[in-house]
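Q: here is the input, now give the coordinates:
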Amino acid sequence: MDDPYHNNVNQQMTEGGEYTYTQDGRDGYPYQTDYPPQDEDAASDATEGADEDNQMYEGEYQGIPHPDEIKEARRAARMEARRKARLAAQQEEEEENLPEQYETIMEDCGHGRFQWMLFFVLGMALMADGVDGFVVGFVLPSAEKDMCISNADKGLLGLLVYVAMLVGALVWGGLCDKMGRRKCLIYVLSIDLVFSFLSCFAQGYGFFLFFRFCSGFGIGGSIPIVYTYFTEFLQMDKRGEHLSWLCMFWMLGGLYASFTAWGIIPHYGWGFAIGTEFQIHSWRLFIFVCLFPALAALIGVVFMPESPRFLLENARHDEAWMVLRRVHDTNWKAKGEPERVFTVTNIQTPKTQEDEFIEIQSETGTAFQRWTIRHVTMLQQVMANVMSLSAPELRLQGLLLVIVWFCLAFSYHGLGVWFPDMIKYMQYEEYESKVRVFHRERVEHFHFNFSLVNQIHKEGEYIHDKFANIEIKSVKFEDSLFENCYFEDVRSTNTFFENCTIKNTVFYNTDLWHEKFKDCRMENTTFLHPKKGCHLNFKEENDIVIYMVSFLGSLAVLPGNIISALFMDKIGRIRIIGGSMLVSSACTFLLLLSFSQGAVICWQCLFYGVSVAAWNGLEVISVELYPSSKRGTAFGILNGICKFAAIIASFIFAAFIGITKIIPILLAFAALVCGGLVALKLPETREKILS
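A: Residues are numbered from 1 along each chain as shown. So this is what the prediction gives:
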């Protein structure tokens, strides 16, 4: 049929089975071509006087949309869905291509001088964390006497430092995924340096506690950042080995802390005083010396670039390319091939909606509003990152990692508290067995010019006696009488007067202060130039065995570190973790057979030497399992769980010192066996490209 209407209309079927009609490239129904187009005024005249109500769609009164409007809305929805699908497919393709492309680029850059420079810089940051783990334990025997810290306050100090590290790991681990690894590490080290330095001069316990808390908050974030940062500069076949070598710096931190404590703290005379209120003693000098690793790390990090993987994840292509070229040129020039050119020209840079939101908002408002919007948005993104870790593909492996981290930390830190406390308790028992008891002795007109050590004096009488330039250590006077006596330049350690009568007696330049006298009656007694605080003989109080035990425990880690580094990529992370934890459990069980200080020290060294392989493998697998955009957040959470387990273990294991050793040993044994078996269920990652 030769109909001009049908000749000029093309009928087309679209997706969804609907038809559209076009004529000469125009949508909608056709118009007769022989009718000339009318201008707007003509059209208005032609319709003048027409009844508009007759032309209105009758369903409009009922609020029913016109069929053409429904079709148009459906068509727009389908087009929007196709657009989003294309964008999602493109984004997914970019995300799939970036890890493989990045791995190829890192292989082209090689492993050489740049990675070794970064290795030592980050190693010093890890060493600073290791030092901070020992500082409080080493200074407490001296600080508690310098600031009259009670046993309850001592426990509070240790607890708050661990809590600060826990919070620091959670906060800085999440922030390094949004702010950058390098920037957050600079913040972390700066906070630790500033507040550790201030704690050297804090005279009151409250300020000292606050400064150590802030220092712990800073350094607590170093471990998640360091491992995440270094991992992203390593190619796949180098990750396991070199991350294990990096773990050695934590051991070096323990060696550095114990060696310097041994050399500095016992020298009580290494200090100065300004009046009686401001005093700097040797333990404060020790804290100052412990700042050096963090200072060296901070100086080094300033000259290091940001992680190129982080830059690419945040669509900063040009900066990432410059960093990668620097890595490439540094390595190949050091290998004698300066003519080798960095040939990469284009790298995938997926851009997220969150990044766009920050960029849009930062262009509006005042400086304070922009700052507020950016940081609030950043916190929202960090929380979104945390919540995304519960995704189905990450949920199971995350739960397994949490169990293994908790079990290993519970046993390791619990026994770390138990070993030195058990040795101290054995020393105390041996000391108590040698105590000498004097009953109803009467001493008149006698000059005590020799030290009194480990004695109990009951119902004694001391008339016109002189105690000058001596030390009184672990001595108790009970129900005794001191009349017309003179004490001068006396140093005391764990010495008390209980229910004594003191008449016409002078105390000159001694540390025998009111806290030393319990339920005593004072008659015409004078205290001249007393030593305020709780100054004792620091040299005698800080037994060399304490530092030696820590030194040997840190040194024992060296063989385990070397073995795990050499075999991490050969036998795999899972076997390293599971085998190390199960062997460590056997070493723990054998502690039941130790009945002397020497035996406890030997088993301690063996336990540390074996368990360090599990730590190395666990830290390697933790950074390899998670994608780059969530790596710092996940590692921070796992490290926070480690600190939480350490807090619980410290309380539990310390509670059984002097009561029984069976329960702490069985708890550690059960935790290690459970963690070792669960670790065998983790996925192997030695041939996994960083996602």
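Q: hang on, residue 431 in a helix?
A: Yes. In this structure, residue 431 lies within a helix as judged by DSSP: H, G, I helix; E, B strand; the rest coil.
Q: next up, the contacts around the closest residue to residue 306 other than its chain neighbours.
A: Counting by C-beta to C-beta, 6 or more residues apart in numbering, residue 182 is the residue found nearest to residue 306 once chain neighbours are left out, at 4.6 Å. C-betas here are computed from N, CA, C, even on glycine. When the contact criterion is C-beta atoms under 8 Å, 6 or more residues apart in numbering, the partners of residue 182 are 229, 301, 304-307.
Q: now residue 581
A: 404, 407-408, 611, 614, 672-673, 675-676, 679.
Q: can you lay out those as a markdown table showing secondary structure, neighbour count and pLDDT?
A: Converted to a markdown table, those look like this (DSSP: H, G, I helix; E, B strand; the rest coil; neighbours: other C-beta atoms under 10 Å; pLDDT from 0 to 100):
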| residue | secondary structure | neighbour count | pLDDT |
| --- | --- | --- | --- |
| 404 | helix | 28 | 91 |
| 407 | helix | 25 | 92 |
| 408 | helix | 25 | 92 |
| 611 | helix | 24 | 89 |
| 614 | helix | 29 | 91 |
| 672 | helix | 29 | 92 |
| 673 | helix | 19 | 92 |
| 675 | helix | 27 | 90 |
| 676 | helix | 22 | 90 |
| 679 | helix | 29 | 89 |
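Q: what about the strands in the stretch 301-450 of the chain?
A: 436-439, 442-444, 447-448 (DSSP state E, counting those that start in this stretch).
Q: tell me the backbone dihedrals of residue 657, please.
A: Residue 657 has phi and psi values of phi -60, psi 130 when expressed as degrees, to the nearest 10.
Q: distance check, the closest residue to it other than its chain neighbours against residue 428.
A: In space, not counting the residues next to it along the chain, residue 657 is nearest to residue 421; the distance is 4.7 Å by C-beta to C-beta, 6+ apart. Counting by C-beta to C-beta, to the nearest Å, the separation of residue 421 from residue 428 is 10 Å.
Q: with residue 482 instead?
A: Following C-beta to C-beta, the distance that separates residue 482 from residue 428 is 28 Å.
Q: comparing residue 421 and residue 428, which residue is more hemmed in?
A: Neighbours per residue, other C-beta atoms under 10 Å: of residue 421 and residue 428, the larger number sits with residue 421, 16 against 12.
Q: wait, isn't that one in contact with residue 655?
A: No. Using C-beta atoms under 8 Å, residue 421 makes no contact with residue 655, being 10.5 Å away.
Q: buried ones in the helix or strand hosting the residue nearest to residue 306, by neighbour count?
A: In this structure, residue 182 sits in helix 181-199 according to DSSP states H and E. For helix 181-199, the neighbour count (16 or more other C-beta atoms under 10 Å) marks 181-182, 184-189, 191-193, 195-199 as buried.
Q: in contact with residue 635, which residues?
A: 173, 223-224, 227-228, 622-623, 626.
Q: same question, residue 459
A: For residue 459, the set of contacting residues under the criterion of C-beta under 8 Å, 6+ apart consists of 439-440, 478-480.
Q: same thing but 6 Å
A: For residue 459, the set of contacting residues under the criterion of C-beta atoms under 6 Å, 6 or more residues apart in numbering consists of 440, 479.
Q: how close does residue 230 sit to residue 223?
A: Taking C-beta to C-beta as the criterion, residue 230 is separated from residue 223 by 11 Å.
Q: so between the two, which is more surrounded?
A: Per other C-beta under 10 Å, whichever of residue 230 and residue 223 has more neighbours is residue 223, with 27 against 24.
Q: leaving out the residues flanking it, which one is nearest to that one?
A: Going by C-beta to C-beta, 6+ apart, residue 223 has residue 639 as its nearest residue, at 5.3 Å.
Q: just give me how far the helix or strand harbouring that neighbour sits from the chain centre.
A: Counting by DSSP H and E, the element that carries residue 639 is helix 631-655. When distances are taken as C-alpha atoms, centre = their mean, to the nearest Å, helix 631-655 is centred 9 Å away from the chain's centroid.
Q: buried set for that helix?
A: Buried residues in helix 631-655, defined by neighbour count with 16+ other C-beta under 10 Å: 631-647, 649-650, 652-654.
Q: isn't residue 631 up against residue 227?
A: No. Taking contact to mean C-beta atoms under 6 Å, the distance of 8.7 Å between residue 631 and residue 227 leaves them out of contact.
Q: give me the common contacts of those two.
A: Between them, residue 631 and residue 227 share the neighbouring residues residue 623, with contact defined by C-beta under 6 Å, 6+ apart.
Q: how is this structure carved up into domains?
A: Using the TED database, the domains assigned to the chain come out as 91-349, 351-389, 434-528.
Q: what angle sits between whichever strand or helix holds residue 617 and helix 631-655?
A: Counting by DSSP H and E, the element that carries residue 617 is helix 597-625. Here helix 597-625 runs at an angle of 160 degrees relative to helix 631-655 (axes from the mean of the first three to the mean of the last three C-alpha atoms, to 10 degrees).
Q: buried residues, helix 597-625. List them.
A: Neighbour-count burial for helix 597-625, with 16+ other C-beta under 10 Å as criterion, is recorded at 597, 600-601, 603-625.
Q: okay, and for this protein, where does confidence drop off?
A: The model of the chain has pLDDT under 70 over residues 1-66, 68, 84-96, 145-146, 148-153, 267-279, 348-394, 532-545, 691.
Q: all set now, cheers.
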